[in-house]
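Colleague: Mind folding the following:
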Amino acid sequence: MTGGFPLKVSDRTKAPAGASVQSSAKVSDQALAKASDPPSKRPVAAPATISAKTPVQNPAKVLVAAPATYAENRVKVGVYGSLPSDSPLLVPVATTTGRSRQRMHVVAASKLAAMSEAVLSSLGFSLLVASGWRPHRWTSFEQYRQSLIEKYKKPGLTDDEAFRLGRTYLAFDSPHETGLAADFGCGGLLPVSATITKQRTTALWKWLRDNAWSFGFTPYISEPWHWECNIPLSVFRSGKEKIA
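Modeller: Predicted coordinates for the structure are as follows:
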């Protein structure tokens, strides 16, 4: 048990995702059947259609057709707390070449291993993590704000606009602090915002879009490389999938 982690209020912008249902049935007044008409002569309304376009909140503004299962279920630091670096709940995971050995929460790591086997079977390579657990990196909110302005300020952007842009990619309280988030670094995916559009054309991203949900992983839609494993708090604290 590792309960008692300090709770923080997440500052990460949320972006709800999912399919929207729209009816395509439009019948003019003249086409409406009279009450005396037999059922066989009455017009039949067209069936409802489902629009599965996923709203995208990143600056690339790419609209991607996706299944209804491609939806965010964000991991919040305010719920789980931040794991310390010496937590026994953190275990090593397969890591992108050239990166220091990455770790994730033991339950997320188990689910990741199962998903990696499925990716290997389907695409011929295993999943590699470029960034898993990370410690809280900011000493204050002001330091966070200034860092984002310096990193994302471009000609024509005000400080506030640069800050809002930066928050899309760097959270004050990051899900990575829980050990339940992974940035993949394989199959054309990598935590690099300049290649977002290209990353959404890769076979791996399409596979994750269609299948990751069945292994317990959900996307952060703004970042095609970033996936999260939202689990019950009791499971998070115990490190065990099933509580006796």
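
Colleague: same for the longest helix belonging to the chain, what does it pack against?
Modeller: Using DSSP state H to define each element, the chain has its longest helix at helix 106-123. For helix 106-123, the elements it packs on are strand 90-92, helix 203-211, judged by 3 or more C-beta pairs under 8 Å, 6 or more residues apart in numbering; DSSP states H and E. All C-beta atoms are positioned from the backbone trio N, CA, C, and that covers glycine.

Colleague: Now tabulate the ones you listed in CSV and tack on mean neighbour count.
Modeller: Shown next, in CSV, are the helices and strands packed on helix 106-123 (neighbours: other C-beta atoms under 10 Å):
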stretch, mean neighbour count
strand 90-92, 17
helix 203-211, 18
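
Colleague: now those as a markdown table including distance to residue 148 and mean pLDDT?
Modeller: Listed next are the helices and strands packed on helix 106-123 as a markdown table, based on distance: least, C-beta to C-beta, whole Å; pLDDT from 0 to 100:
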| stretch | distance to residue 148 | mean pLDDT |
| --- | --- | --- |
| strand 90-92 | 27 | 98 |
| helix 203-211 | 26 | 98 |
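
Colleague: mind listing the helices in this structure by residue range?
Modeller: Counting by DSSP H, the helices of the chain are 77-80, 106-123, 141-152, 159-169, 196-199, 203-211, 233-238.

Colleague: contact partners of the second one?
Modeller: Contact partners of helix 106-123, identified using C-beta atoms under 8 Å, 6 or more residues apart in numbering, comprise 89-94, 103-104, 125-127, 129, 179-180, 182, 187, 203-204, 207, 211-212, 215-217, 229, 231, 235-236, 239-241.

Colleague: Produce a ChimeraX select command limited to the buried residues of those residues.
Modeller: To isolate the buried members of the contacts of helix 106-123 in ChimeraX, using 16 or more other C-beta atoms under 10 Å:
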select :89,90,91,93,103,104,127,129,179,180,182,187,204,207,211,212,215,216,217,229,231,236,239
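
Colleague: Indicate which one of the helices of the chain is closest to residue 134.
Modeller: Evaluated with C-beta to C-beta, the helices of the chain place helix 77-80 nearest to residue 134, the distance being 11.3 Å.

Colleague: what about the closest one, average pLDDT?
Modeller: Helix 77-80 carries an average pLDDT of 92.

Colleague: least trustworthy helix or strand in the chain by mean pLDDT?
Modeller: Ranked by mean pLDDT, DSSP states H and E, the weakest helix or strand in the chain is strand 49-51, scoring a mean of 34.
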